[in-house]
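>>> Following is a predicted model, sequence given first.
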Amino acid sequence: MAKQRTWFECQSCGAQAPQWLGRCPECGAWATLEKATAAAVVASARVLEAPQPLSLEQVSTAEEPRLLSGIGEWDSVLGGGLVAGSLLLLGGDPGVGKSTLLMWVVDKLSSTHPALYVSGEESLLQIKMRAERLGLGGQGFRLLAQTDAEAIIAAAEALRPSLLVVDSIQTTVAPSLGAQAGSLAQLREVAGRFLAFAKATGVPVLLVGHVTKEGALAGPRVLEHMVDVVLYLQAEGAQAFRFLRAEKNRFGSTQELGVFEMKADGLAEVKNPSALFLAGRPVGQSGSVVTCTLNGSRPLLVEVQALAVNTRYGTGRRTTLGTDSNRIALLSAVLEKHLGLAFSGCDIFVNVAGGMVLQETGCDLALCAAMLSSFENRPVDFNCIALGEVGLSGEVRAVSRLERRLLEAQKLGFEKALIPSGNLPHLPKALKKNWEINGISKLNALTEMLRERA
């Protein structure tokens with residue numbers, strides 16, 4: 001009998017070594033190398049059954065209808081609902097509400113066709129108690145407490161649910177493999193089996209993944225490469241808000257954002273997050289400016305707060321929450337260079353209220369206005385919104401989809417706007433009638449406006 005080849009595989013990065021090592025030579029992780037055999041590789045090498053190759057012209061372009069849950073925030077992040085035969089992965093910190101959200105989705109979908117929720121971490125009684133607390137219990141809501149991937153797939157093949165949820169992938173095992181649950185070999189094999197099941201039957205499969213203390217999905221990125229969609233459910237600080245984002249989406253944008261609020265009876269959709277993010281905004285206080293950021297196709301109004309104080313050290317610090325500290329350092333240097341302000345002798349603290357994160361340059365003008373307002377102790381008009389990208393020479397550049405942003409601000413009663421001069425010619429006349437709009441091409445104009453108002 002031929003001797004079976006064995007080696008050791010890192011459960012953190014997937015690197016292989018001919019013998020056991022205390023530390024992985026690739027990623028540097030300790031005690032992560034586990035024994036692997038050729039049999040495990042053969043078991044995990046699966047090829048989806050497919051007909052004969054087709055020419056490009058023979059492939060049907062008829063778009064299949066997406067599966068809508070009726071939860072608007074969930075459906076929008078997915079790009080308009082679940083795609084048949086897709087494999088999805090949801091990650092998030094412990095206790096953030098992953099199981100709560102997925103049970104809600106399963107309950108909604110089960111109203112028209114049975115949906116299956118599989119748990120490898122809780123008993124059926126525990127799931128039932130949570131469902132009662134959340135007020136769930138659709139007729140087609142099916143439960144299964146199981147960690148055997150073969151048993152799960154057999155049950156799903158018999159039921160053919162509208163959605164299969166597996167919570168979690170780290171607790172699910174393929175008994176034919178000798179590796180322990182959560183190991184690289186098990187993750188790869190189990191995910192491959194669910195992928196084959198989804199593509200063969202057209203049933204969407206959603207896997208729940210554990211995350212590390214850094215907030216990334218645990219284990220190698222092999223899972224993220226295999227799935228069609230990678231979702232993250234996140235909570236910012238002690239806020240009750242939960243943000244659902246897509247890090248990868250083969251069927252839609254990765255810029256969409258779903259906002260939920262955690263309540264005693266579960267998660268609730270936030271239909272108008274802009275109003276919640278601006279709740280409690282101070283009146284007549286310096287350092288507070290409202291801007292509008294785009295998350296995919298959704299405009300969100302947020303309050304940017306800045307505090308500039310004389311430093312006790314030789315060099316001023318730049319401390320930020322909700323935006324890139326390097327961006328704040330760059331903008332403060334631009335203000336110092338072109339407006340002659342002594343920002344180098346100041347500690348600057350910037351905060352985006354409500355736990356939002358600004359990731360686009362269209363909010364630069366608001367950040368500059370907030371820092372300048374705090375530095376000179378002159379408040380910006382309460383009903384004013386600031387939009388624009390700031391360049392290194394102090395110029396204010398145009399932003400995309402300005403009309404959409406202004407319409408969102410108009411819903412909340414805003415009447416004045418500081419925008420780039422380059423956007424003015426492209427604004428509809430009807431919109432200009434309802435707004436007091438000031439076009440800015442250089443940051444110097446921002447200083448003059450603040451001083452005139454004072």
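Here it is on my side, so go on.

>>> what are the ranges of the strands in the stretch 201-350 of the chain?
Assigned by DSSP state E, counting those that start in this stretch, the stretch 201-350 of the chain shows strands spanning 205-209, 229-235, 241-249, 257-263, 266-269, 288-295, 298-310, 318-321, 346-352.

>>> Give me the residues contacting the second one.
The contact list for strand 229-235, computed with Cβ atoms under 8 Å, 6 or more residues apart in numbering, reads 77-78, 86-93, 96-98, 101, 215, 217, 224, 241-251, 262, 355. Just so you know, the C-beta spots here come from the backbone N, C-alpha and C atoms, and that holds for glycine as well.

>>> From those residues, list just the buried residues.
77-78, 86-93, 96-98, 101, 217, 224, 241-246, 249, 251, 262, 355 (16 or more other Cβ atoms under 10 Å).

>>> Distance from stretch 128-146 to the middle of the chain?
Its chain's average C-alpha position is 26 Å from that of stretch 128-146, according to Cα atoms, centre = their mean, to the nearest Å.

>>> Alpha carbons only: can I get it in CSV?
Taking Å, rounded to 0.1, in the frame of the first residue of the first chain, the C-alpha atoms of stretch 128-146 are listed here in CSV:
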residue,chain,number,x,y,z
LYS,A,128,-37.6,29.1,20.0
MET,A,129,-37.2,31.3,23.1
ARG,A,130,-35.4,34.0,21.0
ALA,A,131,-38.1,33.7,18.3
GLU,A,132,-40.8,34.3,20.8
ARG,A,133,-39.0,37.3,22.3
LEU,A,134,-38.6,38.8,18.8
GLY,A,135,-42.3,38.1,17.9
LEU,A,136,-41.3,35.7,15.1
GLY,A,137,-43.0,32.4,14.1
GLY,A,138,-44.1,32.2,10.5
GLN,A,139,-45.7,29.0,9.3
GLY,A,140,-42.9,28.2,7.0
PHE,A,141,-40.1,28.9,9.5
ARG,A,142,-38.1,25.7,9.8
LEU,A,143,-35.5,25.0,12.4
LEU,A,144,-32.6,22.5,12.6
ALA,A,145,-29.9,22.1,15.3
GLN,A,146,-27.1,20.3,13.4
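
>>> Now do it, average pLDDT.
What stretch 128-146 shows for mean pLDDT is 90.

>>> hmm, back to that, out of the strands of the stretch 201-350 of the chain, which one sits most buried?
Of all these, strand 205-209 has the most neighbours on average by mean count of other Cβ atoms under 10 Å, namely a mean of 26.

>>> Show me what that strand packs onto, helices and strands only.
For strand 205-209, the elements it packs on are strand 87-92, helix 98-109, strand 164-167, helix 184-201, judged by 3 or more Cβ pairs under 8 Å, 6 or more residues apart in numbering; DSSP states H and E.

>>> Could I get those in a markdown table, plus columns for distance to residue 32?
Formatted as a markdown table, the helices and strands packed on strand 205-209 follow (distance: least, Cβ to Cβ, whole Å):
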| stretch | distance to residue 32 |
| --- | --- |
| strand 87-92 | 20 |
| helix 98-109 | 25 |
| strand 164-167 | 24 |
| helix 184-201 | 9 |
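
>>> now for those, which one comes closest to residue 349?
Of all these, strand 87-92 sits nearest to residue 349, with 28.6 Å by Cβ to Cβ.

>>> who does the closest one pair up with?
According to DSSP bridges, strand 87-92 forms sheet pairs with strand 205-209 (parallel), strand 229-235 (parallel).

>>> Adding mean pLDDT, write the strands of the stretch 201-350 of the chain out as JSON lines.
JSON lines is the format used below for the strands of the stretch 201-350 of the chain (pLDDT from 0 to 100):
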{"stretch": "strand 205-209", "mean pLDDT": "94"}
{"stretch": "strand 229-235", "mean pLDDT": "91"}
{"stretch": "strand 241-249", "mean pLDDT": "90"}
{"stretch": "strand 257-263", "mean pLDDT": "89"}
{"stretch": "strand 266-269", "mean pLDDT": "91"}
{"stretch": "strand 288-295", "mean pLDDT": "92"}
{"stretch": "strand 298-310", "mean pLDDT": "92"}
{"stretch": "strand 318-321", "mean pLDDT": "92"}
{"stretch": "strand 346-352", "mean pLDDT": "94"}
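
>>> can you put those in a markdown table and add distance to residue 336?
Putting the strands of the stretch 201-350 of the chain into a markdown table (distance: least, Cβ to Cβ, whole Å) gives the following:
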| stretch | distance to residue 336 |
| --- | --- |
| strand 205-209 | 45 |
| strand 229-235 | 34 |
| strand 241-249 | 34 |
| strand 257-263 | 33 |
| strand 266-269 | 44 |
| strand 288-295 | 19 |
| strand 298-310 | 11 |
| strand 318-321 | 12 |
| strand 346-352 | 9 |
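
>>> Of all the ones you listed, which one comes closest to residue 441?
Nearest of the strands of the stretch 201-350 of the chain (Cβ to Cβ): strand 288-295, 18.3 Å.

>>> Extract the C-alpha set from the helix or strand encompassing residue 419 and format it as CSV.
Assigned by DSSP states H and E, residue 419 belongs to strand 416-420. Provided in CSV are the C-alpha atoms of strand 416-420 (Å, rounded to 0.1, in the frame of the first residue of the first chain):
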residue,chain,number,x,y,z
LYS,A,416,-28.7,77.2,2.7
ALA,A,417,-25.7,75.4,1.0
LEU,A,418,-22.0,76.0,0.6
ILE,A,419,-21.1,74.2,-2.6
PRO,A,420,-18.2,74.2,-5.2
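
>>> Which strands and helices lie in contact with it?
Here strand 416-420 touches helix 364-376, strand 384-386, helix 402-411, strand 436-440, going by 3+ Cβ pairs under 8 Å, 6+ apart.

>>> pLDDT on whichever helix or strand comes after it, on average?
Downstream of strand 416-420, the first helix or strand assigned by DSSP H and E is helix 429-433. In this model, helix 429-433 has an average pLDDT of 81.

>>> packing partners for helix 429-433?
Against helix 429-433 (3+ Cβ pairs under 8 Å, 6+ apart) you get helix 402-411.

>>> chain center to the helix it packs on: distance?
In terms of Cα atoms, centre = their mean, the centre of helix 402-411 is found 23 Å from the chain centre.

>>> for stretch 348-355, same thing?
Between the centre of stretch 348-355 and the centre of its host chain there is 19 Å, according to Cα atoms, centre = their mean.

>>> How far does stretch 174-193 stretch from one end to the other?
9 Å (Cα to Cα, to the nearest Å).

>>> Next, the buried residues of that stretch.
Across stretch 174-193, burial judged by 16+ other Cβ under 10 Å covers 174, 177, 179, 181-193.

>>> and what of stretch 384-392?
Within stretch 384-392, the residues that qualify as buried are 384, 385, 386, 387, 388, 389, 390, counting by 16+ other Cβ under 10 Å.
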